[in-house]
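K.L.:
Provided below for reference: sequence and predicted model.
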Amino acid sequence: MERIDDVRETVPDEPTDGLSASVGVGPWDGPWPSDPHYDPELLAHGDRRNVVDRFRYWRRDAVVADLDTRRHDFHVAIENWQHDFNIGSVVRTANAFLAKEVHVVGRRRWNRRGAMVTDRYQHVRHHADLEALAAWAHEQGLPLLGIDNLPGAVPLETYDLPRSCVLLFGQEGPGLSDAAWNACDAVLSIAQYGSTRSINAGAAAAIAMHSWVRRHLFDQKPA
Ligand SMILES: C[S@@+](CC[C@H](N)C(=O)[O-])C[C@H]1O[C@@H](n2cnc3c(N)ncnc32)[C@H](O)[C@@H]1O
């Protein structure tokens with residue numbers, strides 16, 4: 001059985017994200033560039049990683065350093081009391097939308113499979129419990145915004161998301177814990193229209209992060 005730690009970054013014969021093995025580029029053709037961003041191993045053997053083209057052949061630490069110069073002002077946090085499989089997906093989406101950091105609250109170990117190794121490019125911080133996360137957010141002057149459809153939640157669609165904030169998600173099943181609910185400055189719900197009680201935390205996180213992107217990078221204010 002494959003362990004979750006066995007998901008590798010470059011696997012030409014076994015793509016990590018469902019993409020074809022031909023994704024990426026082969027060995028560098030021609031004289032090698034001298035720029036220190038480049039990784040000699042990748043230049044020699046090709047770069048099949050799940051990275052955008054501008055980072056092809058770059059060393060991982062050079063990619064992280066580049067992202068660090070322009071990360072956005074929102075943070076993402078998720079409760080982890082029972083190894084929720086959504087956490088990896090949340091990390092991958094946080095990487096895509098360039099969140100400042102991801103905060104895992106509760107258990108330190110989390111299921112990395114859905115992250116598809118994007119966690120290597122994303123700062124992930126652990127907090128033992130909600131009190132620790134809330135204290136950290138308070139120190140940073142960041143409002144803690146719970147995302148859940150519990151009674152009393154305010155619609156995300158009409159809420160003016162602050163530029164600097166922590167978006168906090170609950171787990172499959174219980175959703176946001178009572179401790180999370182009590183620690184939040186506001187709790188925001190995503191409108192639903194069907195029969196299911198909720199969408200999964202990974203989908204909710206993608207919607208909430210993209211709401212932040214629309215509000216702050218495209219200046220789309222709620223009505
Ligand atoms: C599967 S939901 C479970 C909780 C939900 N309160 C329930 O009663 O079924 C897991 C997490 O996904 C997020 N989520 C799911 N649906 C949501 C919605 N409509 N609005 C906001 N968050 C949602 C929340 O972060 C929630 O804690």
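P.N.:
Cool, the structure landed. Numbering: from 1, shown residues only.
K.L.:
what does the longest helix seen in the chain contact?
P.N.:
Determined from DSSP state H, the single longest helix within the chain is helix 201-217. By Cβ atoms under 8 Å, 6 or more residues apart in numbering, the residues outside helix 201-217 that reach it are 72-74, 76, 78, 84, 86, 89-90, 93-94, 97, 99, 114, 147, 156-157, 160-161, 163, 165, 167, 169-172, 188, 190, 198-199, 220-222. Where C-beta positions appear, they are placed from N, C-alpha and C, glycine not excepted.
K.L.:
The same query, at a cut-off of 7 Å, please.
P.N.:
Applying Cβ atoms under 7 Å, 6 or more residues apart in numbering, the external contacts of helix 201-217 come out as 74, 76, 78, 84, 86, 89-90, 93-94, 97, 99, 147, 156, 161, 163, 167, 169-172, 190, 220-221.
K.L.:
residue contacts, the closest residue to Ala186 other than its chain neighbours?
P.N.:
Leaving aside its chain neighbours, Ala186 sits nearest to Leu145 (5.5 Å; criterion: Cβ to Cβ, 6 or more residues apart in numbering). Contacts here follow Cβ under 7 Å, 6+ apart; on that basis Leu145 touches Cys165, Val166, Leu167, Leu168, Cys184, Asp185, Ala186, Leu188.
K.L.:
and stretch 159-178, which residues are buried?
P.N.:
For stretch 159-178, the neighbour count (16 or more other Cβ atoms under 10 Å) marks 159, 161-162, 165-171, 175-177 as buried.
K.L.:
Could you tell me which ones among those residues also sit near the ligand?
P.N.:
Near the ligand, judged by Cβ under 6 Å from any ligand atom, the entries from these are Phe169, Gly170, Gln171, Gly175, Leu176.
K.L.:
Neighbours of His216, how many?
P.N.:
16 (other Cβ atoms under 10 Å).
K.L.:
again, but for the one 4 residues further on
P.N.:
Here the count is done by other Cβ under 10 Å, and Gln220 has 11 residues near it.
K.L.:
distance of the residue lying closest to it once chain neighbours are set aside from Glu79?
P.N.:
Distances taken as Cβ to Cβ, 6+ apart put Arg214 closest to Gln220, at 4.4 Å, once the chain neighbours are dropped. Per Cβ to Cβ, to the nearest Å, Arg214 is found 25 Å from Glu79.
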